[in-house]
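Undergrad: predicted model follows, preceded by the sequence.
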Amino acid sequence: MRILGIDCGYEKTGYALLESKNGRIAVLTSGLIYTQKTLKFSKRLIKYQQELETIINHYKPKLAFIEQLFFTNNKTTAIKVAQFQGVLILILSLKKIKYQIINPKTVKKTVAGSGNADKKAIAKMLKLELSFAEENLEDDVTDAVAIAYTGYLLNRSNK
């Protein structure tokens, strides 16, 4: 089974695809979707939609997990990120891919054992659990891998 993890952002969105086969889990691919600051908002949404659909059409995930938005300071950015997340949910719904929104503390607790774990602890555990040893990844990509891995663990335990 293939699982998509998404860390939604306005300027950049991290994504990761994991594959579960014969009780083993591995990272198929991961990366960032960028939208340029100079593009009108509507054009950014279209670029985001096109890139997400390309990834989904190529890898055909069965499940998707999205990190719940958490903003305290910049409400304008939060609204725009929520709109990006809405595009993602629409795409997943149209493609009949089951999705779940996961709280960031759940991701931290599931991957690193503590809801207050930092980025380094998350990366260390992913390296141990998934042999995911790519160096110098952007936080958004590491977060997307952690989100997908959390989704895999939660889905596995619900069977």
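TA: The structure has been received and is ready for your questions. Numbers count the residues shown, from 1 in each chain.
Undergrad: which strands or helices does the worst-scoring helix or strand of the chain on mean pLDDT pack on?
TA: Comparing every helix and strand of the chain by mean pLDDT, DSSP states H and E singles out helix 119-130 as the least confident one, with a mean of 87. On a contact count with 3 or more CB pairs under 8 Å, 6 or more residues apart in numbering; DSSP states H and E, helix 119-130 meets strand 24-34, helix 104-112, helix 139-157. C-beta coordinates here come from the backbone N, C-alpha and C atoms, glycine included.
Undergrad: now the angle between strand 24-34 and the last one, please.
TA: Same thing as helix 139-157. With axes from the mean of the first three to the mean of the last three CA atoms, to 10 degrees applied, the angle from helix 139-157 to strand 24-34 works out at 140 degrees.
Undergrad: got the angle between helix 139-157 and helix 119-130?
TA: With the same axes, to 10 degrees defining the directions, helix 139-157 sits at 50 degrees from helix 119-130.
Undergrad: just the residues contacting helix 139-157, thanks.
TA: The contact list for helix 139-157, computed with CB atoms under 8 Å, 6 or more residues apart in numbering, reads 3-7, 9, 12-18, 20, 25, 27, 30-32, 63-67, 100, 102, 106-108, 110-111, 119, 122-123, 126, 129-130, 132.
Undergrad: if you set the cut-off to 7 Å instead, what comes out?
TA: Taking CB atoms under 7 Å, 6 or more residues apart in numbering as the criterion, the residues outside helix 139-157 that touch it are 3-7, 9, 12-18, 20, 25, 27, 30-32, 63, 65, 67, 100, 102, 106-107, 110-111, 119, 122-123, 126, 129-130, 132.
Undergrad: pull the distance from that helix to the chain's centre.
TA: Per CA atoms, centre = their mean, to the nearest Å, the displacement of helix 139-157 from the mean C-alpha position of its chain is 7 Å.
Undergrad: any buried residues in that helix, and which?
TA: Under the neighbour-count criterion of 16 or more other CB atoms under 10 Å, helix 139-157 has 140-152, 154-155 buried.
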